[in-house]
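Chemist: need coordinates for the following:
(one chain, ligands or ions: 1)
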Amino acid sequence: MRILIFQVLCGEVSRMPSDERAFVNSYVTNEPSSFSSEQDVIPSNFRKRIEKFLFEKLKVLRENLNDGNISVKDVSVYTGLSGIALMLIKLEKSQILKDKIDFSLKDLAFKITKHNDSKKSSAFTYLCGAPGALYVKALSGAEAKSLEPKNLKDILDLGSSLCHSGSGAYDEYLYGRAGYLGCLVFMAKSFPTQKDELVMDKICQAMIDSGVNSAKRNRLNQPMHFEWHESEYVGGAHGYAGIFYFLLKLRNCPSVQAVLHTVLKSALYWFLELQLDSGNYPSSIGSGRDKLVHWCHGAPSAVFTLITAYEVYGDEKFKSAALECGQCVWKRGFLKKGYGICHGTAGNAYTFLALYRATGNFQHLYRAVCFAQLCLDFDKPHRSADRPFSLFEGLAGTMYFLIDMLDHENARFPCYEFDSI
Ligand SMILES: [Zn+2]
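Modeler: From the prediction side, this is the model:
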């Protein structure tokens, strides 16, 4: 039976079945019960289909860049030129289109990011702010022209203002401290000489202090408390899933070590209890709603946090909860909202790739392949996205995912998921 929920949209109250946000995933009813090898899972024409898609969509992307249909004012990774550049660099490195194109993707990435500067954004995070734009500019320069990174000191300088819990900064990923940490992490991976463990540790300490102090101040019966614009969000973009993911991944920092088996562990068990009967996670505490199955809000980002909690604490409950997330995304993750990364079918598919790495069960790889097939079947632009060519809302994100599908062992949710550094 369908669960009916009430939703307030533009001041109106509409009655909407919770699954109206997703297409019916026709692969669910025909899913084989077992797989014995990767060959069972990946169709023989899969690579060719992806190559064709990438070739055709790259042409579309270039035409729109040349025609000025993509704003040069937005330099962010999330919706702007820096995110598109990251996809182009990835495509060049993959060599997938090596024999099909006669121009350098790295040069194109450099061309569209070389004017990035810190004045174009006041946000301080990887996805939405100047640090992300400056880092991608440096990366593009290094890839295309072997240029030494120059602007990275500006990124590190930002850290000092965020290093105390009373600075008024939020802690979530899109606009908060976790998002600044994200930039430091990916920058350290690209430019090991720029790794600053001291700043990372101080930011982690500020996040821990912020969460613990807020829980105490508000006399809450939970170990840590975080808000973004007065709402207590749960998902990867604005909430607990993203904050806890970064703290767990950076567990070698002394500040995290100090709470890893005390307050942070309690917080992860508290997070475990937030899971809904459907396997999904609510978008915010107290909403009671079970409607969004996105990376930004819902099970598709909780899965990364839960898998990491399982690695750290070894409790099967975390693994079971991660598998429940997978079931939810499988049934409800083929989104009408589009084929992008933040709230789209491509982003949701990273759930299965993470579960496949964690379990070795081919079923999860099969599910990722099915989501890739759904992405390949679309031939229209992302009509519902504000930035239809961007990395997190549009075509560049779909392309990024499909490049990853041809090297799925090394696929990681872009600009978020990472191996320990
Ligand atoms: Zn989103």
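Chemist: leaving aside the residues next to it on the chain, what's closest to residue 283?
Modeler: Leaving aside its sequence neighbours, residue 283 sits nearest to residue 297 (CB to CB, 6 or more residues apart in numbering; 3.8 Å). Using the backbone N, CA and C atoms, a C-beta is placed for each residue, glycine as well.
Chemist: give me the element the one you found is part of.
Modeler: In the assignment (DSSP states H and E), residue 297 maps to no helix and no strand.
Chemist: tell me how many other residues crowd it.
Modeler: Counted with other CB atoms under 10 Å, residues neighbouring residue 297 total 28.
Chemist: how far away is it from the ion?
Modeler: 7 Å (CB to the ion, to the nearest Å).
Chemist: and the residue of the stretch 1-150 of the chain found nearest the ion, what are its phi and psi?
Modeler: In the stretch 1-150 of the chain, the residue that lies nearest the ion is residue 78 (9.4 Å; CB to the ion). With angles defined as degrees, to the nearest 10, residue 78 sits at phi -70, psi -60.
Chemist: thought it was touching residue 386?
Modeler: No. The criterion here is CB atoms under 8 Å, and residue 78 misses it with residue 386 at 10.8 Å.
Chemist: any shared contact partners between the two?
Modeler: Taking CB atoms under 8 Å, 6 or more residues apart in numbering as the contact rule, residue 78 and residue 386 both touch residue 393.
Chemist: more neighbours, these two?
Modeler: Higher neighbour count among residue 78 and residue 386: residue 78, with 26 against 9, using other CB under 10 Å.
Chemist: pLDDT score for that one?
Modeler: pLDDT recorded at residue 78 is 97.
Chemist: residues contacting residue 71?
Modeler: By CB under 8 Å, 6+ apart, the contact list for residue 71 reads 80, 387.
Chemist: mind exporting stretch 56-64 as CSV, just the C-alpha atoms?
Modeler: Output of stretch 56-64 as CSV, limited to C-alpha atoms (Å, rounded to 0.1, in the frame of the first residue of the first chain):
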residue,chain,number,x,y,z
GLU,A,56,28.1,12.5,-28.0
LYS,A,57,27.6,14.3,-24.7
LEU,A,58,31.1,15.8,-24.7
LYS,A,59,30.1,17.4,-28.1
VAL,A,60,26.9,18.8,-26.5
LEU,A,61,28.9,20.2,-23.5
ARG,A,62,31.5,21.9,-25.7
GLU,A,63,28.8,23.5,-27.9
ASN,A,64,27.1,24.9,-24.9
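Chemist: other residues contacting it?
Modeler: For stretch 56-64, the external contacting residues (CB under 8 Å, 6+ apart) are 70, 84, 91, 97, 101, 108, 381, 389, 395, 396, 398, 399.
Chemist: any of the residues you listed buried? List them.
Modeler: 70, 84, 91, 101, 108, 381, 389, 395, 396, 398, 399 (16 or more other CB atoms under 10 Å).
Chemist: and those, which two are the farthest apart?
Modeler: Across these, the longest distance by CB to CB is 21.1 Å; it joins 101 and 381.
Chemist: circling back to that earlier point, and the contacts of stretch 56-64, which of them are in helices?
Modeler: Counted as lying in helices by DSSP state H, out of the contacts of stretch 56-64, are 84, 91, 108, 395, 396, 398, 399.
Chemist: which one of these sits closest to residue 370?
Modeler: Nearest member of those to residue 370, counting by CB to CB, is residue 398, at 14.9 Å.
Chemist: that closest one and residue 375: what is the separation?
Modeler: Distance of residue 398 to residue 375, computed by CB to CB, to the nearest Å: 5 Å.
Chemist: residue 405 contacts residue 372, doesn't it?
Modeler: Yes. At 4.8 Å, residue 405 counts as touching residue 372 under the criterion of CB under 8 Å.
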